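Enquirer: Got a predicted structure plus its sequence, pasted below:
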Amino acid sequence: MFPPRVATGLLVLLTSLGAGGCTPWGLGPSARHVTTPATSRPATEACSAAGLDLKLPDEPKLPPAVARTRHELFDAASACDFDSLGTIAGRNTAGFGFTSGTETDPAAYWRSVDAKQRTLERLARILTGPYVVTNQGSRAFAWPNTYTDAPTASDYAALVRSGAYTQAEADAFRKDGSYYGYRVSIAPDGTWQFFTVGD
C-alpha cells in the first residue's frame, strides 16, 4: 500500500502516459490497440535509379517483342524493382548473363553492387540511348550503341548524353580501344540475354 501522496503521483503518471497511447506494462485500454505491421505496407527499395526523371523514347524500328522487354526493363530499373528484373532475367531458359563470377541470383547480385556501380541507374539510362543490331552468334538488339567492334565518336557522345557515363569515362573507353561498360542485349523474340559489364 502506497502512502496517499505517492499513490496520487503514480496515478497521474500512468494517466498521462495512457493519454498518449503508450501505457506501460500492458496497462489500460491502449494495450488493446493493434498497429498495422510494417510488412503490410509496400516497401520502397532504395537504389541508384531512385528519383531519376527519365523518359524512354520510342524506337519504332524495334521488333514489338524487343520493345516490350525494353519497356519492362526500363520501368523496373526506374522503380528500383530488383525482383522484377530478376524475374525477367529468369525467363531466359538458356542462361542469362550477368556476371563472370560464381553468383547465381541476378537480383541479389545487382543489389550488392548497385550503390558502387550505379547498376540500375545505368540500365535505365543506357536504354534511353541508341541501340545497335549485333550478330555475335545470333541476331540481337544491344544497348548502348558503343557495344560494337568500332564505336565512333558519335556513339560515345550519345553514351555521355544518356548520363550513363561521364565524358572522362567515355574518353577512357576510347583510349583503351573498346567499350567495356554496362551493356544490354535482347533477342528478337524479346528474351533478355544479358546485362553485364567488363571485358
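Expert: Received the coordinates, thanks. Keep in mind that what you see is a predicted model, and the values were worked out from it rather than measured.

Enquirer: In three-state terms, label the one residue sitting closest to the centre of the chain for me.
Expert: In the chain, the C-alpha closest to the average C-alpha coordinate belongs to C80, at a distance of 3.5 Å (Cα atoms, centre = their mean). Per DSSP: H, G, I helix; E, B strand; the rest coil, the secondary structure class of C80 is coil.

Enquirer: E72 too?
Expert: helix.

Enquirer: Quick check: closest non-adjacent residue to it.
Expert: Nearest in space to E72, with sequence neighbours left out and distances taken as Cβ to Cβ, 6 or more residues apart in numbering, is I88 at 5.8 Å. Placement of C-beta: from N, CA and C, glycine included.

Enquirer: any idea where the strands of the protein begin and end?
Expert: With DSSP state E as the criterion, the chain has strands at 132-135, 139-143, 183-186, 192-196.

Enquirer: contacting residues around the last one?
Expert: Identification of contacts with strand 192-196 by Cβ atoms under 8 Å, 6 or more residues apart in numbering yields 69, 73, 88-89, 91-92, 96-100, 106, 123, 140, 182-187.

Enquirer: got the angle for that strand vs strand 139-143?
Expert: Counting by axes from the mean of the first three to the mean of the last three Cα atoms, to 10 degrees, strand 192-196 points 40 degrees away from the direction of strand 139-143.
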